[in-house]
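1. What would the 3D arrangement of this be:
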Amino acid sequence: MGTIRFREVVKTYPGKQPVIALDRVNLDIGEGEFVALLGPSGCGKSTLLNLIAGFEEMTSGALSFNGGTVDSPGPERAVVFQEAALLPWLTVEQNIAFGPSVQKRPRAEYEPKIRELLRLVGLERFASALPSQLSGGMRQRVGIARALVMDPKALLMDEPFGALDAQTRMSMQQLLLDVWQTLGTTVLFVTHDIDEAILLADRICIMSARPGRITREITVDLPRPRSVDQLTDPAFIRHKAAIMAEMREAQKEHA
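-> Numbers count the residues shown, from 1 in each chain. Alright, predicted model coming up:
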């Protein structure tokens with residue numbers, strides 16, 4: 001299972017003038033669901049993801065993963081950041097194997113998984129390459145494979161394609177669609193790109209400017225499997241227009 005629950009979650013950063021990053025956030029994410037957090041920069045999207053990742057502690061409220069309290073990071077909740085942050089002295093294969101090797105798992109136990117993931121992310125021919133020999137998109141593919149090798153119940157992705165050029169970004173979006181449609185892992189995906197959210201997600205949670213609140217939840221009923229070719233479909237464009245209207249309405253209510 002990979003279920004996530006936020007109940008009245010508040011996150012305040014202390015200081016002379018305390019900053020309320022999140023204000024009474026409620027959110028349920030079901031097993032195998034792909035949920036996108038969409039909102040302006042500084043609205044608390046990454047903070048929300050960091051809480052469920054176990055990197056930060058909430059100020060008040062309740063937060064659970066698979067019914068259990070989250071108080072630290074764990075391999076069942078894998079995180080993919082905007083930068084892949086690979087170890088430069090390790091090959092692609094060694095970077096993917098880093099997590100299970102640190103856990104001292106037997107090589108024979110995870111080696112077949114590495115081969116499967118190299119195939120899934122299209123890097124079989126680059127298993128022995130160093131990160132410096134890879135493009136930005138290829139490094140991010142390694143980052144995704146490195147997260148998935150731990151067999152996580154949930155994949156937490158913080159604008160993982162934000163630093164890529166438009167063409168590479170579309171390629172990575174398609175890769176993620178294909179991987180998710182193959183594995184069915186629960187995904188919480190942070191983005192500020194409306195097209196990306198519609199293309200990838202089952203459900204989009206729109207967040208207000210700080211203090212961050214979820215102001216709208218929109219179900220994306222475009223059929224699956226999806227592909228980047230749908231970006232110009234009339235149905236996709238109708239979804240985009242509706243979401244833009246919802247975001248404008250949310251901004252008015254929050255102003």
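2. show me the contacts for the residue lying closest to Ser132 once chain neighbours are set aside.
-> If the residues on either side of it in the chain are set aside, Ser132 comes closest to Pro88, at 6.3 Å by C-beta to C-beta, 6 or more residues apart in numbering. (Glycine included, C-beta is placed from N, CA and C.) Pro88 sits next to 130-132 when contact means C-beta atoms under 8 Å, 6 or more residues apart in numbering.
3. which of these lies closest to Asn95?
-> Pro131 (7.2 Å; C-beta to C-beta).
4. So which residues of the stretch 51-200 of the chain form strands?
-> For the stretch 51-200 of the chain, the strands defined by DSSP state E, counting those that start in this stretch occupy 60-65, 68-69, 77-80, 154-158, 186-191.
5. nearest to Gln181, of the contacts of Pro88?
-> Lowest distance from Gln181 to the contacts of Pro88 (C-beta to C-beta) belongs to Pro131, with 27.4 Å.
6. Residue most distant from the centroid, the protein?
-> Lys16 (32.6 Å; C-alpha atoms, centre = their mean).
7. now Asp28, nearest residue through space, not along the chain?
-> Arg5 (5.4 Å).
8. Can you tell me the SS state at that neighbour?
-> The local conformation at Arg5, judged by DSSP: H, G, I helix; E, B strand; the rest coil, is strand.
9. residues near it, how many?
-> 18 (other C-beta atoms under 10 Å).
10. residue contacts, Gln133?
-> By C-beta under 8 Å, 6+ apart, Gln133 lies in contact with Phe126.
11. quick one: it from Glu93, how far?
-> 13 Å (C-beta to C-beta, to the nearest Å).
12. which helices and strands does the longest helix along the chain pack with?
-> Ranked by residue count and defined by DSSP state H, the top helix of the chain is helix 234-254. If you count contacts as 3 or more C-beta pairs under 8 Å, 6 or more residues apart in numbering; DSSP states H and E, helix 234-254 packs onto helix 194-200, strand 203-207, strand 214-219.
13. Could you dump the ones you listed into JSON lines and include distance to Lys104?
-> Formatted as JSON lines, those follow (distance: least, C-beta to C-beta, whole Å):
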{"stretch": "helix 194-200", "distance to Lys104": "35"}
{"stretch": "strand 203-207", "distance to Lys104": "38"}
{"stretch": "strand 214-219", "distance to Lys104": "40"}
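14. Looking at those, spot the one closest to Asn50.
-> strand 203-207 (14.3 Å).
15. quick one: strands adjacent to that closest one?
-> strand 34-38 (parallel), strand 214-219 (antiparallel) (DSSP bridges).
16. now the angle between helix 234-254 and the last one, please.
-> The one in question is strand 214-219. Using axes from the mean of the first three to the mean of the last three C-alpha atoms, to 10 degrees, the inter-axis angle of strand 214-219 relative to helix 234-254 is 160 degrees.
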